[in-house]
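J.: Have a look; sequence and predicted model below, questions after that.
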Amino acid sequence: MLAAYCTQPGCFDLRNVARPTPGAGDVLVKVRSCGVCGSDLHFFHGGFPPPAVCPGHEISGEVTEVGAEVQHVRAGDRVAIEPLVSCRECSYCRTGDYQLCRQLRINGTMIDGGFAEYLCTPGYTVFRLPDAVDDEVGALTEPLAVAVHAARLGTIRLGDRVLVLGGGTIGLLSVAAARAAGAQEV
């Protein structure tokens with residue numbers, strides 16, 4: 001399969017690599033859409049050192065294979081992928097704060113991401129997309145989650161005035177999240 005790697009600032013290398021094989025708890029996804037996040041741009045422009053793995057963490061695609069332990073999706077399902085892969089056993093993971101897991105790995109920065117034809121990921125990181133949500137919108141699930149989290153942290157209440165700085169993907173989704181949370185003026 002083909003996968004893109006940011007080898008140095010300003011340079012992507014397209015490589016032919018082995019297609020991953022799912023384990024018992026994994027899902028193999030044919031990537032249909034992968035957003036370009038600000039962090040990916042930082043890698044490309046030299047603001048952060050490029051990762052040693054294939055970038056991309058805003059991913060949607062089609063399930064092509066499932067491991068024997070995966071029950072909630074099957075081949076042919078369209079899915080969005082949460083890019084956080086945790087141990088699922090530590091106290092943080094057991095209490096729902098898996099983003100604090102000391103063994104946390106993130107697609108596209110620590111483990112291979114979605115700038116590839118296929119991605120193998122634990123089954124618990126994939127979520128079926130409704131038919132009404134196309135692949136490009138499905139890839140916006142991760143930045144939308146960031147915006148919704150920000151709206152919750154900001155404790156937006158009905159009638160509030162909210163200021164969003166920045167008109168990129170997360171900024172625009174933050175406007176939508178603030179309105180959905182009840183902000184009168186954004």
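T.: The structure has been received and is ready for your questions. What you see is a predicted model; the values in this text were computed from it and never measured.

J.: Stretch 158-166 spans what distance, first to last residue?
T.: Stretch 158-166 has an end-to-end distance of 23 Å (C-alpha to C-alpha, to the nearest Å).

J.: Buried residues of it, list them for me.
T.: Within stretch 158-166, the residues that qualify as buried by neighbour count (16 or more other C-beta atoms under 10 Å) are 162, 164. For glycine as for every other residue, the C-beta is placed from the backbone atoms N, C-alpha and C.

J.: cool, and stretch 58-77?
T.: Buried, per 16+ other C-beta under 10 Å, within stretch 58-77: 58-63, 65-67, 70, 73, 77.

J.: Can you tell me the SS state at the residue nearest to residue 59 when sequence neighbours are not counted?
T.: Of all residues not flanking residue 59 in the chain, residue 114 sits nearest, at 3.7 Å (C-beta to C-beta, 6 or more residues apart in numbering). Recorded secondary structure, residue 114: coil (DSSP: H, G, I helix; E, B strand; the rest coil).

J.: any idea where the strands of the chain begin and end?
T.: 2-8, 11-16, 26-35, 58-66, 78-81, 84-85, 105-106, 118-122, 126-128 (DSSP state E).

J.: what's in contact with the fifth one?
T.: So that's strand 78-81. With C-beta atoms under 8 Å, 6 or more residues apart in numbering as the contact definition, strand 78-81 has outside contacts at 27, 29, 32, 59-63, 73, 107, 114, 119, 121, 125-129, 135, 138-139, 141-142.

J.: One more pass at 7 Å, please.
T.: 29, 59-63, 73, 107, 119, 121, 125-129, 135, 138, 141 (C-beta atoms under 7 Å, 6 or more residues apart in numbering).

J.: domains in this structure, as residue ranges please.
T.: 2-133, 140-186 (automatic domain parsing).

J.: now what about the helix or strand of the chain with the lowest mean pLDDT, what contacts it?
T.: In the chain, no helix or strand scores lower on mean pLDDT, DSSP states H and E than helix 38-45, which sits at a mean of 92. With contacts defined as C-beta under 7 Å, 6+ apart, helix 38-45 is touched by 6, 9-10, 48, 50-51, 55-56, 168.

J.: Just the buried subset of those, written out for ChimeraX, thanks.
T.: A single ChimeraX command selects the buried members of those (16+ other C-beta under 10 Å):
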select :6,50,51,55,56
